[in-house]
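>>> Give me coordinates for this.
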Amino acid sequence: MSILSRYQPVTDLEEQSAFEKRIAWYSFFITSAFVVVLWLIKFVEYEYSLDFAGWGIHPREMDGLWGIIFSPLIHGSFGHLAANTIPMFVLMFSLFFFYRKSSALIFVLIYLSTGLLVWLGGREAWHIGASGLIYGLAAFLFLSGVLSSNVRLLTISLVVAFFYGGLFWGIFPIKPEISWESHLWGALSGFALAVLFRKSAPSKPEEQEEEDDEEDGEWMEEEEIK
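Numbers count the residues shown, from 1 in each chain. Here you go, the predicted structure:
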């Protein structure tokens with residue numbers, strides 16, 4: 001069974017539990033590695049008195065195109081990075097744990113589409129930080145949970161709405177020093193991808209049980225015929 005596969009109807013509870021643990025560890029490892037990279041970059045910048053802001057997104061400038069890749073990895077201060085660390089960890093872990101097979105693709109699409117849209121439609125300034133990616137993940141998980149009607153994903157949606165509901169105000173130009181464009185385009189990218197990948201959401205447990213029952217019924221009918 002592939003570690004990246006979606007929920008599968010497993011009759012053995014021990015096998016299902018072991019499978020869930022493998023997925024959890026995989027999700028934890030990927031998420032932790034990404035967060036560690038963010039902190040390592042900031043420590044290198046601080047230790048060697050460097051300024052990586054020039055690797056951010058500068059809208060409609062060719063030099064700013066590199067920022068589509070590098071801007072989420074760069075933060076203006078340790079406080080900026082610390083504020084992004086917990087929501088990034090929670091949301092990224094949730095994506096990789098629940099979406100499994102398509103999680104990497106969804107993550108990359110949110111990552112790149114947010115940066116590209118900021119480059120196309122942002123203000124003429126350097127845009128850095130992972131907040132756009134956070135908004136994209138939050139929007140994706142929230143709408144995906146609503147569309148799928150999956151109890152587990154709906155729970156994640158409620159958690160996202162409860163703990164990160166304040167993110168809503170970040171899409172408006174309230175504070176000029178904050179890249180609200182990254183927040184806005186990240187959220188829109190997440191919503192769009194939630195609709196696009198709505199069929200990739202984990203199937204509902206009750207549907208799996210019904211499938212198992214149907215398979216058992218077909219097997220019994222075949223046995224009776226024989």
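>>> okay, now residue 176: neighbour count?
Residues lying near residue 176 (other Cβ atoms under 10 Å) number 9. Yep, even glycine has a C-beta here, placed from its N, CA and C like the rest.
>>> Can you tell me which residue is spatially central in the chain?
residue 137 (3.8 Å; Cα atoms, centre = their mean).
>>> just checking, that one touches residue 110?
Yes: between residue 137 and residue 110 there is a contact under Cβ atoms under 8 Å: 6.4 Å.
>>> what touches both of those two?
Residues touching both residue 137 and residue 110 by Cβ atoms under 8 Å, 6 or more residues apart in numbering: residue 190.
>>> What's the biggest helix in this protein, counting residues?
helix 13-47 (DSSP state H).
>>> ok, residue 39 - how many residues close by?
14.
>>> swap in residue 134?
Residues lying near residue 134 (other Cβ under 10 Å) number 30.
>>> and if you look at the one 5 residues further on?
The local packing count at residue 139 equals 26, with neighbours defined by other Cβ under 10 Å.
>>> can you check residue 171 too?
Burial of residue 171 is recorded as 18 neighbouring residues (other Cβ under 10 Å).
>>> For residue 181, see how far away it is.
Using Cβ to Cβ, to the nearest Å, residue 171 is found at 9 Å from residue 181.
>>> so residue 127 touches residue 180, yeah?
No: between residue 127 and residue 180 no contact is recorded; they are 10.0 Å apart, counting by Cβ under 8 Å.
>>> which one is residue 200 nearest to, not counting chain neighbours?
Leaving aside its chain neighbours, residue 200 sits nearest to residue 102 (4.4 Å; criterion: Cβ to Cβ, 6 or more residues apart in numbering).
>>> Please report the distance of that neighbour from residue 113.
15 Å.
>>> neighbour count winner among these two?
Comparing residue 102 with residue 113 by other Cβ under 10 Å, the one with more neighbours is residue 113, at 20 against 17.
>>> What strand or helix carries that one?
Assigning secondary structure by DSSP states H and E places residue 113 in helix 103-121.
>>> Can you tell me which helices and strands that helix packs against?
Helix 103-121 sits against helix 67-70, helix 78-99, helix 131-148, helix 180-196, with contacts defined as 3 or more Cβ pairs under 8 Å, 6 or more residues apart in numbering; DSSP states H and E.
>>> Sketch out the low-pLDDT regions of this protein for me.
1-12, 164-165, 203-226 (pLDDT under 70).
>>> rerun at 50
Filtered on pLDDT under 50, the chain yields the residue ranges 1-7, 9, 206-226.
>>> hang on, the earlier thing: comparing the helices and strands packed on helix 103-121, which comes out most buried?
Ranked by mean neighbour count, these are led by helix 131-148 with a mean of 26 (mean count of other Cβ atoms under 10 Å).
>>> just checking, what packs against it?
Secondary-structure packing of helix 131-148 (3+ Cβ pairs under 8 Å, 6+ apart): helix 78-99, helix 103-121, helix 151-164, helix 180-196.
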